[in-house]
Every structure is written in structure tokens, then in C-alpha cells.
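A.B. asks: Here is a sequence together with a model predicted from it:
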Amino acid sequence: MINITLPDGSSKQFDQPPTGFEVAQRISEGFARNCIAMELDGLKKDLASRITRDSRVRFITTKDDEGLDIMRHSAAHVMAQAILRLYPDAKLTIGPVVEEGFYYDIDMEPISEEAFARIEAEMQKIVKEKLPIERQEVSKVDALSLYEGEPYKLEMINDLQDGTISLYRQGEFADLCRGPHVPNTGFVRAFKLMKVSGAYWRADQTKAQLQRIYGTAYFDKKDLNAYLTFLEEARKRNHRRIGTALDLFSFHDEAPGMPFFHPKGMEMWNALLDYWREEHRAAGYVETKTPILLQRKLWERSGHWENYRENMYTATIDEVEYAIKPMNCPGGMLLFGRKHHSYRDLPLRAAEIGLVHRHELSGVLNGLFRVRAFHQDDAHIFMTPEQIQEEILGVLKLVERVYSTFGLGFHLELSTRPEKSIGNDDQWDMATNGLKAALNAYGADYKINEGDGAFYGPKIDIHIKDALGRTWQCGTIQLDMSLPERFDLTYIGKDNERHRPIMIHRVVYGSIERFFGILVEHFAGQFPLWLAPVQIGILPLNDDLIPFAQEVANRLDRNGLRTEVDYRSESLNKKVRDAQLNKIPLIVTCGAKEKEAGTVSVRTLDGQVRHGVPMATFEERVLENIRLRKLSLAFDW
């Protein structure tokens, strides 16, 4: 008798060892049809696997994220099978699941996306054949024999230890794989090939260049279409495209991975920093600035030289080795240590907009999202152990205020000690427990990422959600007891003895460049009035009205508003259309009637028009909208 225990505590008994599918059928035929794999005593297995002893079973269905990943892995096999049917000389390497889909690296003749329709048609044939996907286990010797003539598979097999090797077969196609897979190719119901790029075998530039073909797959065509619609919307919002169109920033070959901000981009940049400074002053922070270039001995002392050297740019000056800072922390340590502190000075909240440089491989650079030079809105909070919870709560509330101003939601993740770290067990335990206590007091749900902390301390990662539902890791809160010890930082306690301060590293925007890019995509270039590079476009109806338009602009400029007068001899319709393409939130037209009455006609970016608005009323409403940093352009003129 085999006893199968299900997640709800119920059990099923079988006289003979059942397969996973037979257990699912015992629950119901409808349920079984939606099952694609199972978790057998904690290990993922195919439904065809036979259960030979009393076990706990959890089924993975088409509704589970795990199920989607398993199906996408099977889709990679279907794609590889289709390619071999069409390109018999192709040599397969590996085909893993990645975020939002899968890819397969193949040594074959170069192809373009024009070949995708043909490959997809062959994939569709394989899906319709509903070929059973069957696991086989063979010896290493048999595997070598089976893949004779397949150099990449032979290399992978030779790298494995002696013993059984698993492979999966569907029709004439077999691939090395750990599995599990869906029961048959018919489960790969909705798929699309996305792009092709070059990739080196095992990421080694000295080895063969392969064709990396990306695809995605879903259980339902509606989900696939929704994803493709999302991609199209994301393409329209691409920050590099919008940044070019709105003349905000650019990149140049002379400084790869290091953005250049244009005048309009700097208007937005400064609006972000003005708001940042306002919130930080209100929260009791002081602002500091530390040098970019510091001696190697400082980085050795901080631990960065040992743990982060491969990401640092260095220089030798007067026979002394220096490094451009990849982080602001060591400079902050020197500032705190320059004088004696009392417990009455704490907490000390010191913030810095620090320019840092980190060496990123050229292949991963991605607009403002992945750069080599960027500014961090760092802060280092020095405190007593008793102040840990209150200070972390203060940072979380600051983060909440800032992100809500941009209409961004967020969730929290706690990352614990990584393998490569400094500090002792007691320090890490105290720091981790301090973060957990603060998160529990804050009251929001959070996820734990084991082993994903910084090398000097555990951290809270803050992931924001944009208008498309995408998440971005921006803010962090890192509790550190190691750097204060390495720099011998102390304060005098109530007992008149020296004590070691606890320190928080934290950022809110994170990389300001990256946050800038996220906002461009979040708002699709249609920024709130307070943030817009040009807030008001002023359009004279003809050349005779240019002096009046300039007079209006001067008056608004004196109030700190960012204006732009369109002096071109173009029709009003063209001027309006161009202003809308440039995402200018408010478009003011200046005609003879407006000049005589001292009014303006106002058009908002959503197409609403109001004529005859008195200038004083216009200024008052606009300035109030900016002062409150409203997200909408709804005005009561």
C-alpha cells in the first residue's frame, strides 16, 4: 500500500506504485488535465514519475508560476527540435529559462528575425503532434555514444561526474536535461520568438560565437497577447527614445556608460534634487560632500579593496595608488571620525549626493539603467543601539513620502549575510535582527532573500512599481557595524565611556540617473508640472505679438517658472502640435484679445482649453500646483 499525502493534509492510498498523473486523476480528471509536474517530497518531478513509497506530493499546475517556468523550458526544447528539422547541421548547446521566457544557444548559420515565422510554423507542427516528453537515464558512456558528432553536448557530458545522466526525448529529438518537463508538447500552447543575438560558448570570447535565439511562451494566447501589448507600451516608453526626443540626455563613445545631461535634462535633475533636499532638511539631515579620488589605503581599511576591487577604477599619482570611489561610505567615515562625539549628538544623519564610478562590462550597459558613472543620494546615519528601530522606521517613512509624490508604490525585501562578507557572527545577528524588528514595527509585508546582503551588512531593498507594473530596486537600507569598527569610530556615552556607533547606509532615489530613467518611462515623458523640464510653452499668434509673449514669459520667469517662447513663423496648430510632442504640460497662447484683456488662453497636455484666464489667476493656480507637487494637471481656473 502506497500512501500519498497532499498539501491540505488529505491522503490517497494505492495498491500499486502510482505515477504522479494517476494521483492527480484520483483527485479529479479536470484537475489532472491542468497538472504539468509535481513536487515529490520537496523535489520537482515529471508527472510520469512513479511513486514507490509513502510520500508528500504537491502538484504544479498551469496556474502556477513554477508551471510557467517548466513549460517555457519545454518550449525551448520545442524550438530546438524545430530548428534541427529546418537546419540539420545546427549544433545545440544549452537552452535555459530566463525572466519572461527562454533562449537557446545554437552553433548554426547566422539568421535574422525574418526566419522566425518559418521556425514558429515548425514549432506549431510539433505542438500539434502532442509528442510525449519522456525522461531517460543513461550511463555516461551511453550518453557519449548517443551524442557522437555533437561537440558541445560531448563537452558538457565530459564535465559531468561518472554516473547516470538524464535526458528528455520527444519524437526524434533528445536533449540533455535535469527536467522536469510538461507531459507532452501540446502544453506549449502560445509562444513567440522575440529576438536573436550573438553569444560566445560559455561566455568565452576565445570560443565559438553562437546564435542566441530568445522566445517567450504562455499557457494561454490571451496572456501572450497581453505580454506583447505590454512590450509595445514599454517600447513607446523607452527612456532612451524619449530622452532623445525631449533633448534630456545623451551618451557618447568618448565616455561609454557615462551619461551627458542636456539643459532640459538638468532642469528636471535639479527639480529632483530640490525636492530631495527639502525632504531631507525636514527629516533632520545635514548635507556633506566627499572627494571622488581617495588613496588605496583607505579602500583597504574599508574592505572595498579586498571585496570590490574588480569594479573599481584606479590611478597612480606621485607613486601612490588611488581609486575613484565606487561608494561614498569611506569618505563618510572620515567625516564622522574627524572630531569627538557625544551620545547627545546622535543620531547624526549625514546625506551626500555623491558621484561614484563602477566598472561594468560593456555588454551590460543599458541607457541610464546600467551606467559606469552615477550619483547616489547616500546618507549615513550614526546612532546608538537603542536608536536602531526608530531610525530605520524614519527612513521607511521618508521613502514612503518620496515615492508617493511620484505615484510609485513599493514593496520591501530583507537580504541577509552573503558568503563574501566582513564582520563577525554577533554583529551580523544584531544587524539582521534590528532590521527585522523595524520591518515588523513598520507593519508592511516583506520577503527574505537569504545570502543577498552587502558584504558589510544586511539590507532592506525597496522595490518600486511603475505605471506598467514593472518593479525596480531603488532604495536600500543597510545596517552596518563593521565599518565603524574598521575606522575606529566612537562616541562618549552617558557613562562617559567610549562606545562604537551603529551605522545605517541608505539611499532613496538610489542611482539618481537610474531613477531619472525610471521616471521617464513611468510618466512616458509626460511629467507632472513641478518636474517638467519646460513647464509652460508660450505661443504668440503672430510676429506682432512676440513682445507680449515675451512679457508674459518674463513675468512667469520671475516667479521661478520654466518657460519657452515659440518664436517661429508657423501656424498656431503646428506650434500647438509641436509643444504637445515635446510634452509641455501647459501651452499658453497669446493673441490680441489676451493682450488687451491681460489674460491668456491655456491648453493642458490632455487637450483641455480655457480662454480668458486672468494672468494673476493663472500664476496663482500654477504656483500652487507646483508647491504641492501635484501629479495631475486639473485646474480650477
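C.D. replies: Happy to help now that I have it.
A.B. asks: Next, name the residue at the spatial heart of the protein.
C.D. replies: Centroid-nearest residue in the chain: residue 472, 3.6 Å away (criterion: Cα atoms, centre = their mean).
A.B. asks: so that residue makes contact with residue 462?
C.D. replies: No: using Cβ atoms under 8 Å, residue 472 is not in contact with residue 462; the gap is 9.6 Å. Placement of C-beta: from N, CA and C, glycine included.
A.B. asks: Identify the single longest helix in this protein, thanks.
C.D. replies: Counting by DSSP state H, the longest helix found in the chain is helix 65-86.
A.B. asks: Mind checking what helix or strand follows it in sequence?
C.D. replies: Using DSSP states H and E, the next helix or strand after helix 65-86 towards the C-terminus is strand 91-92.
A.B. asks: Touching that following strand from outside, list them.
C.D. replies: The list of residues contacting strand 91-92 from outside it, by Cβ atoms under 8 Å, 6 or more residues apart in numbering, reads 80, 84, 104, 106-108, 150-153, 175.
A.B. asks: Just those: which are in strands?
C.D. replies: 104, 106-107, 175 (DSSP state E).
A.B. asks: In those residues, find the pair that's most separated.
C.D. replies: Using Cβ to Cβ, the ones in strands among the contacts of strand 91-92 span at most 14.7 Å, a distance reached by 107 and 175.
A.B. asks: more neighbours, these two?
C.D. replies: Between residue 107 and residue 175, counting by other Cβ atoms under 10 Å, residue 175 is the more crowded of the two (20 against 17).
A.B. asks: Chain neighbours aside, what residue packs nearest to residue 192?
C.D. replies: Take residue 192 and drop its neighbours on the chain: the residue closest to it by Cβ to Cβ, 6 or more residues apart in numbering is residue 216, 5.9 Å away.
A.B. asks: Helices of the stretch 201-350 of the chain, residue ranges please.
C.D. replies: Assigned by DSSP state H, counting those that start in this stretch, the stretch 201-350 of the chain shows helices spanning 221-236, 239-245, 263-282, 296-302, 304-308, 329-336.
A.B. asks: Only the C-alpha atoms, please, for the third one, written as PDB.
C.D. replies: In this case it means helix 263-282. This file holds the C-alpha atoms of helix 263-282, laid out as PDB (Å, rounded to 0.1, in the frame of the first residue of the first chain):
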ATOM      1  CA  PRO A 263      20.000  71.800 -20.300                       C
ATOM      2  CA  LYS A 264      16.400  70.400 -20.200                       C
ATOM      3  CA  GLY A 265      17.600  67.300 -18.500                       C
ATOM      4  CA  MET A 266      19.300  69.400 -15.900                       C
ATOM      5  CA  GLU A 267      16.100  71.300 -15.200                       C
ATOM      6  CA  MET A 268      14.500  68.000 -14.300                       C
ATOM      7  CA  TRP A 269      17.600  66.800 -12.400                       C
ATOM      8  CA  ASN A 270      17.600  70.000 -10.300                       C
ATOM      9  CA  ALA A 271      13.900  69.700  -9.600                       C
ATOM     10  CA  LEU A 272      14.500  66.200  -8.300                       C
ATOM     11  CA  LEU A 273      17.400  67.300  -6.100                       C
ATOM     12  CA  ASP A 274      15.500  70.400  -4.800                       C
ATOM     13  CA  TYR A 275      12.700  68.100  -3.700                       C
ATOM     14  CA  TRP A 276      15.200  65.700  -2.200                       C
ATOM     15  CA  ARG A 277      16.900  68.400  -0.200                       C
ATOM     16  CA  GLU A 278      13.600  69.800   1.000                       C
ATOM     17  CA  GLU A 279      12.500  66.400   2.400                       C
ATOM     18  CA  HIS A 280      15.900  65.700   4.000                       C
ATOM     19  CA  ARG A 281      16.100  69.000   5.700                       C
ATOM     20  CA  ALA A 282      12.600  68.400   7.200                       C
END
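A.B. asks: Quote the end-to-end distance of stretch 280-292.
C.D. replies: The straight-line separation of the ends of stretch 280-292 (Cα to Cα, to the nearest Å) is 23 Å.
A.B. asks: which residues are in contact with that stretch?
C.D. replies: By Cβ under 8 Å, 6+ apart, stretch 280-292 touches 277, 324-325, 328, 331-332, 334-335, 348-357, 379, 394, 398.
A.B. asks: Which of those residues fall in strands?
C.D. replies: 324, 348-357, 379.
A.B. asks: Look up which helix or strand residue 413 falls in, please.
C.D. replies: Using DSSP H and E, residue 413 maps to strand 409-415.
A.B. asks: Could you list every helix and strand that the helix or strand hosting residue 508 packs against?
C.D. replies: Element membership for residue 508 (DSSP H and E) is strand 502-511. Here strand 502-511 touches helix 263-282, strand 373-383, helix 388-405, strand 471-480, helix 482-486, going by 3 or more Cβ pairs under 8 Å, 6 or more residues apart in numbering; DSSP states H and E.
A.B. asks: Give me the sheet partners of that strand and which way each runs.
C.D. replies: Note on strand 502-511: by DSSP bridges, its sheet partners are strand 373-383 (antiparallel), strand 471-480 (antiparallel).
A.B. asks: With only the CA atoms kept, save that strand in CSV.
C.D. replies: Extracted C-alpha coordinates of strand 502-511, given in CSV (Å, rounded to 0.1, in the frame of the first residue of the first chain):
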residue,chain,number,x,y,z
ILE,A,502,25.9,51.7,14.8
MET,A,503,25.6,53.0,11.3
ILE,A,504,22.9,52.9,8.6
HIS,A,505,23.8,53.3,4.9
ARG,A,506,20.7,54.3,2.9
VAL,A,507,19.6,55.7,-0.4
VAL,A,508,16.1,56.8,-1.5
TYR,A,509,16.4,57.5,-5.2
GLY,A,510,19.3,55.1,-5.4
SER,A,511,21.2,55.9,-8.5
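A.B. asks: Done for today, thanks.
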